[in-house]
Every structure is written in C-alpha cells, then in structure tokens.
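**Student:** Starting from these lines, generate the structure:
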Amino acid sequence: MKKFLPAALCAGLLAALLSVPALAAPAAPEMQGDFYVLVNGQYVTFTDAMPQIQDGRSCLPFAAVFQQLGFAQEDMTWDGETRTVTAAKGELVISLTIGSNEITVTRSGKAETYTSDVAPYVSAEGRTYIPFGVVAGILGYNVGWDAQARTVIIDDVDAILAANTATYDLMDQYLAYSKSISQGSVKAEGKLAASTAFEIGDTTRPGADHMTVDLGWEGEYWMLMSDNNNFEFCLTMDAEGGKGNGGSLFEELYNAFPDFIAVDMIGDLKSGTFYTRFPFTTIEQGEEIPEKFDFPWYKLDMKAMFDQMSDVTGMDYEQLIGLSMASLDQSFADSLAMILKGMPLTTVEFTATDYLAMFNALSADSSFTKSGNEYINEFVSMDGVSGTFILTTAAGKVDGYSLGFAMAEPTTGLEMAFATAMKGKEMTAEFGIGADQLPVDESNSLSLSILFSMDGTYSATTEQPDTAPPAGATVVDLMEMMRAELDLENTPAA
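**Tutor:** Here you go, the predicted structure:
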C-alpha cells in the first residue's frame with residue numbers, strides 16, 4: 001500500500017516525539033512594552049523602542065527586529081523625503097512608507113506589492129514601527145502568537161536549517177526502501193489477534209466478591225491502495241470464547257461483546273471523503289457468519305473537518321495533502337523543511353528550533369550507533385520511558401526497521417508497550433497495556449491485560465480499491481447528522 005509503510009513509521013515517530021526531551025525554553029526577560037518577541041528561539045531585547053499594539057496588530061521597531069533576522073544595520077536606510085524605510089539582504093529588498101498600507105518586496109530584481117491593514121507609523125519618540133507579523137508572513141517567516149505568554153513568535157526556518165549540521169543519509173535510505181515496496185498498486189494482508197483480561201475486586205481475601213473476564217478475538221485483514229490516493233480496508237474478527245465469574249454482572253458484560261466484528265473503510269485521500277461501516281453481530285452456536293451485511297455506511301468529510309480546524313492546525317486539508325504528496329519524491333531534509341515551515345506556532349515551548357532538535361534526536365545520522373548490520377538509536381531512556389529506533393541494512397542499504405516504545409508508571413504498576421517492525425515485505429506490530437493490583441478504591445483493585453498483535457505481507461497487485469459504497473447502499477452523512485443535532489439542541493422550546 002503506497003505510503004502506508006512510511007506513514008506507519010512516521011506516525012510512530014511523531015508519537016515518540018512527545019517523549020523526547022525538548023530543549024528548555026529560554027527564560028523570558030523582563031516584559032518590555034506590550035508583549036515579548038521570540039525570534040528563532042531567542043528572546044529579543046529592546047534597548048529604547050518597545051513593542052506596541054496598534055489597531056489590534058503587534059507592531060515592532062523596524063531596525064531592532066530586522067537586525068535579529070540577519071539584516072545588517074548598514075543595509076537599512078531611511079529616506080526622509082519619501083518617509084520610506086528600506087532593508088536589504090542579498091537579493092531581497094523590502095520597502096515600507098510611513099502612513100501607507102502598501103509594502104514592496106523585491107526578490108532577484110522582481111518587485112511585488114502587498115497590502116497591510118495597518119500602516120507603518122512613527123511613534124512619539126520618533127521611532128519607526130511596522131506591523132511585523134504581516135511583514136514576516138510576506139517574507140516567508142513563520143509567525144505565531146502565544147496568548148498565555150503574551151509572545152509573538154517569529155521563525156526564519158531557512159536560517160534555522162542553514163545552521164543545522166545534521167545529516168540524514170540513513171533516513172534517505174529508509175525512504176528509498178519504503179518506496180521500493182509501495183510503488184504502483186499494492187495489497188497488504190495478514191492476521192491479527194486481540195485479547196482482554198481483567199480481574200476486579202478484593203482478590204486478597206478468599207471468598208471476597210470479585211469478577212474476572214477473559215475475552216479474545218482472532219481475525220484477518222486486507223488493504224488495497226492505488227495512485228497514492230484511493231484505498232480500501234477490510235478487517236474481520238471472530239470471538240475465541242471467554243470465561244470468568246462474577247454472576248449476572250459478568251454475564252451482562254460478556255453478552256455485550258459481539259461474536260463477530262468487522263470494519264470496512266473506503267477512502268479518497270485527495271478529496272478527503274471517507275466511508276466506513278462496522279458490521280457486528282452475535283452468532284448462535286453452529287450458525288455460519290453471513291457473507292453480506294445490510295449495515296449503513298457512514299460518510300465522513302475529512303476535508304471539511306480539517307478546514308474548520310485550520311486556525312489551530314496552521315494548514316487546510318489541501319495543504320496537508322500537498323505536503324504529503326510532495327514528500328514522495330523528496331529527500332528527508334526537504335520533507336523536514338516543509339514540515340517545519342508548516343508547523344503552527346502557538347507556544348514558546350515548541351518553536352521550529354525545538355521541533356528540529358526533536359526530529360534530529362530521532363532521525364539524524366549522528367543519533368544512530370552502528371552495530372553489525374544495524375543502526376540503533378535509543379532516543380529516550382528516562383523516568384520509566386524507553387524508546388528504540390533501529391534500521392537494518394544489507395549490502396549497504398536499509399532493508400527494514402523496528403520501532404519500540406515502552407513506559408511504566410512506578411506508583412500504580414501500569415505499563416504500556418508498542419513495537420512495530422518491517423523486514424523486506426513482511427510487517428509485524430504489537431501493542432499491550434498491563435497492570436497488576438491497580439488500586440480502584442480503598443478495598444478493591446484491578447489487574448488488567450490488553451494485547452493486540454498483527455502481521456502482514458505487502459505485494460504488487462492488479463486489484464483496484466472501490467471508491468464508493470455499492471449502488472443502493474444506505475449512506476449516512478456524519479457531518480449533516482451532527483449539524484442536525486446541533487440545530488435541534490439550539491432550537492428554543494415551544
């Protein structure tokens with residue numbers, strides 16, 4: 001399945017990012033003016049002209065911030081006759097005129113004009129101020145606002161990456177390996193198993209009330225994807241029996257679990273339209289599982305949902321898919337640059353500098369240690385949390401990987417572990433949660449075990465995924481259903 005393999009690994013890596021120790025945010029200096037300014041991970045210190053809020057826009061003294069972004073003081077000029085300030089860096093020139101909403105940017109001799117809703121102005125102290133958020137966006141910088149810390153965040157990602165000395169040869173080899181498996185139309189199929197067991201109650205006293213449950217399912221799945229766009233996924237699982245005690249309470253709990261579970265999903269990544277259904281039923285002993293189910297399909301418009309969250313995520317659905325598509329034929333460094341430029345800046349704790357440090361901890365060549373035909377990266381090992389990322393090689397090229405992550409909470413005994421691996425065209429994955437005598441209240445405790453495992457094989461195929469439910473199928477639009485429920489809730493009572 002094209003992009004499934006790298007997507008699976010990237011999902012694991014991004015989850016692991018949350019456990020990699022981030023760089024400590026620099027201590028904020030004493031507040032100067034109306035807000036702080038953090039440029040490329042460092043707070044800007046203002047000597048005379050302070051940051052101001054003008055007509056709802058953050059305005060900054062022209063010279064101080066442009067110097068912080070690498071513009072030399074001698075390349076900043078003031079034309080008193082036209083009341084225009086100009087700054088130059090290489091073939092980039094930007095000009096702003098006091099009182100004018102037009103901003104002129106010249107790149108390699110080609111001039112473009114932009115319009116700002118706030119014009120540059122001269123303060124009572126005679127200092128030139130500009131709406132720097134607008135200007136920074138025009139120049140291609142990332143700009144964000146941390147409301148809690150009252151800080152404008154400005155990242156010149158190109159400058160940050162220019163100072164980055166990390167190399168990513170191993171990750172480039174991994175991308176080439178994943179591409180060799182996922183080219184064209186691909187089918188993945190395999191088996192999976194899941195089990196849940198728990199015991200709750202006072203198990204320390206003989207004869208005390210307690211309940212035990214032991215349930216299990218086994219099944220298989222297949223998945224198709226073509227043109228790096230359309231996909232179809234089908235999973236079926238059968239109950240493998242259960243046992244336990246607890247009287248009627250257990251019976252009610254056990255009977256609530258279906259004997260047969262299925263998940264069908266169809267998707268079009270470019271349009272963001274997904275359909276899914278969840279056939280499940282209780283099968284009487286000796287009864288055959290039906291081949292077809294008359295269950296409704298649920299339609300989900302991921303594009304509409306993602307576009308509604310664009311203010312939070314920093315990008316709309318089309319930009320997200322464009323980023324994913326562009327990464328197919330790029331180097332890891334180029335993909336990393338695109339990711340950093342698309343990251344929303346909402347907190348001083350995570351700027352492009354912090355994200356780059358975490359990506360380097362996971363992916364840079366220097367983070368791996370060679371051992372035989374393996375490159376090993378123990379990216380985290382602290383406070384009961386451990387994570388290991390391993391790339392295997394043959395003939396000098398990556399031909400597989402494994403990613404493992406585990407955490408344990410010492411006071412409760414709760415443990416969690418996740419591992420996924422790929423070798424050649426064979427994949428395995430495991431996930432587990434366990435706890436022994438986890439306190440529930442003063443007299444009762446819970447022992448818990450949840451295990452999930454799957455394997456799979458990738459192969460080229462001529463099969464094509466369906467792009468929509470079959471004709472005549474019942475389709476429920478989840479977005480319309482949610483809107484209808486909201487309208488009903490907001491309708492005044494008669």
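**Student:** Over to residue 353: give its phi and psi.
**Tutor:** Note on residue 353: backbone dihedrals following degrees, to the nearest 10 are phi -60, psi -40.
**Student:** quick one, phi/psi of the closest residue to it other than its chain neighbours?
**Tutor:** In this structure, residue 353 finds its nearest non-sequential neighbour in residue 41, 3.5 Å apart by C-beta to C-beta, 6 or more residues apart in numbering. (Each C-beta comes from the backbone N, C-alpha and C, glycine too.) Backbone geometry at residue 41, expressed as degrees, to the nearest 10, gives phi 80, psi 0.
**Student:** Kindly report the same for the one 5 residues further on.
**Tutor:** Here the main-chain torsion angles of residue 46 (degrees, to the nearest 10) amount to phi -100, psi 130.
**Student:** Contacts only, for residue 37.
**Tutor:** Neighbouring residues of residue 37 by C-beta atoms under 8 Å, 6 or more residues apart in numbering: 43-44, 46, 51, 60, 65, 151-152, 154.
**Student:** Select from those residues every entry located in helices.
**Tutor:** Of the positions in the contacts of residue 37, residue 65 sit in helices, assigned by DSSP state H.
**Student:** Got a ChimeraX select line for the buried ones in the contacts of residue 37?
**Tutor:** Restricted to buried positions by 16 or more other C-beta atoms under 10 Å, the ChimeraX selection for the contacts of residue 37 reads:
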select :43,44,51,60,65,151,152,154
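**Student:** In contact with residue 363, which residues are there?
**Tutor:** 13, 168, 170-171, 332, 336.
**Student:** which one of those residues sits closest to residue 384?
**Tutor:** Closest approach to residue 384 among these (C-beta to C-beta): residue 13, at 20.5 Å.
**Student:** Count the neighbours of residue 407 for me.
**Tutor:** Residue 407 has 16 neighbouring residues, counting by other C-beta atoms under 10 Å.
**Student:** so what's it up against?
**Tutor:** Counting by C-beta under 8 Å, 6+ apart, residue 407 touches 19, 384-386, 415-417.
**Student:** Pull out the buried residues from these.
**Tutor:** By neighbour count, with 16+ other C-beta under 10 Å, these hold 19, 385-386, 415-417 as buried.
**Student:** where exactly do the helices run in the stretch 251-400 of the chain?
**Tutor:** Counting by DSSP state H, counting those that start in this stretch, one finds helices in the stretch 251-400 of the chain at the ranges 302-308, 310-313, 317-326, 332-342, 352-363.
**Student:** Going by contacts, tell me the helices and strands next to the fourth one.
**Tutor:** Meaning helix 332-342. helix 157-162, helix 169-182, helix 317-326, helix 352-363 (3 or more C-beta pairs under 8 Å, 6 or more residues apart in numbering; DSSP states H and E).
**Student:** Show me which positions of it end up buried.
**Tutor:** In helix 332-342, counting by 16+ other C-beta under 10 Å, buried: 332, 335-342.
**Student:** Spit out the contact partners of residue 105.
**Tutor:** 92-95, 111-114, 138-139.
**Student:** ok, of the helices of the stretch 251-400 of the chain, where does mean pLDDT dip lowest?
**Tutor:** Among the helices of the stretch 251-400 of the chain, helix 310-313 carries the lowest mean pLDDT, at a mean of 65.
**Student:** element containing residue 112, please.
**Tutor:** Residue 112 is part of strand 110-115 when elements are defined by DSSP states H and E.
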